[in-house]
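Give me a 3D structure for the following:
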Amino acid sequence: MVSPTNTSGMKTAEPVSVDLRELKRLRTEQRLIEVAIKLFVERGFEQTTLQQIAETAEIAPRTIFHHFSTKEELVAAWQDQVRSDLCAVVAEQPTQSGPLGVLEAAVMAVLMPRGEEHAVVTKLIERTPALRSRDELKNGDLERTLSTGLWTRFGGKITEIEADLCASVAIATLGIARRLWLADGGRSDPIPYGQKVFALLKSGVLSAGR
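Below you'll find the predicted structure:
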């Protein structure tokens, strides 16, 4: 590609396609989210302030309010990232294990590295009505996105109804695993609870005669 020239015949720089201000904003928000969740894990949600988050992230305390006005917003942003990563990983999974196998593998791949963070966020959601309501609404969006991702990933080998059903069941499975984990005190690793419920589901227990 030939660079454009000005009237003097000299080459001029091509326009920058990336909005640098937007890139800086995204990087700052990512840094704040990572630091916030780390501090929530180490110190507890109530014991952590927005000022501490800003200082640890080496950002001016007043700057944080240009991005997040509450700690709950930081938690919600972390959840959005997890959901986005989950949908991306679904698109990369091999299909041999079937739709439910794909969803389970994606869930474990995304949540296992975040086990401790996920445990803290789960407890926080459970005792914060605003976060719990938002979580329920976002799960509806996630269900639809996962269904579309599954249908696309399997290239027409499953129907849209089957994709919808699998996505819905997967979201419900995670909800059941969360309840079981919290009922046991929520002190251990939450991942095995999800694995247990997925295994039970895939065993065909729902269709087995009694």
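
my guess is residue 68 meets residue 77, correct?
Yes - the criterion here is CB atoms under 8 Å, and residue 68 meets it with residue 77 at 7.1 Å. Quick note: C-beta positions are derived from backbone N, CA and C, even for glycine.

and those two? which has more neighbours close in?
Set residue 68 next to residue 77 and count neighbours by other CB atoms under 10 Å: residue 68 wins out with 20 against 17.

where's that one relative to residue 39, distance?
13 Å (CB to CB, to the nearest Å).

so what sits against both of residue 68 and residue 77?
residue 29 (CB atoms under 8 Å, 6 or more residues apart in numbering).

Helix, strand or coil: sort out residue 189 for me.
coil (DSSP: H, G, I helix; E, B strand; the rest coil).

Is it correct that it is in contact with residue 114?
No - here residue 189 does not reach residue 114: they are 11.4 Å apart, not a contact under CB under 8 Å.

Mind checking which of these two has more residues around it?
Taking neighbours as other CB under 10 Å, residue 189 and residue 114 compare with residue 114 leading, 17 against 12.

Was I right to think that one contacts residue 79?
No - at 10.8 Å, residue 114 does not count as touching residue 79 under the criterion of CB under 8 Å.

Leaving out chain neighbours, which residue sits closest to the residue positioned nearest the centre of the chain?
In the chain, the centroid-proximal residue (CA atoms, centre = their mean) is residue 82; its distance is 1.2 Å. Excluding the flanking residues, the one nearest residue 82 by CB to CB, 6 or more residues apart in numbering is residue 110, at 6.2 Å.

Which other helices and strands does the one helix or strand the one you found maps to contact?
Assigned by DSSP states H and E, residue 110 belongs to helix 98-111. Using 3 or more CB pairs under 8 Å, 6 or more residues apart in numbering; DSSP states H and E, the elements in contact with helix 98-111 are helix 71-90, helix 129-153, helix 160-183, helix 191-202.
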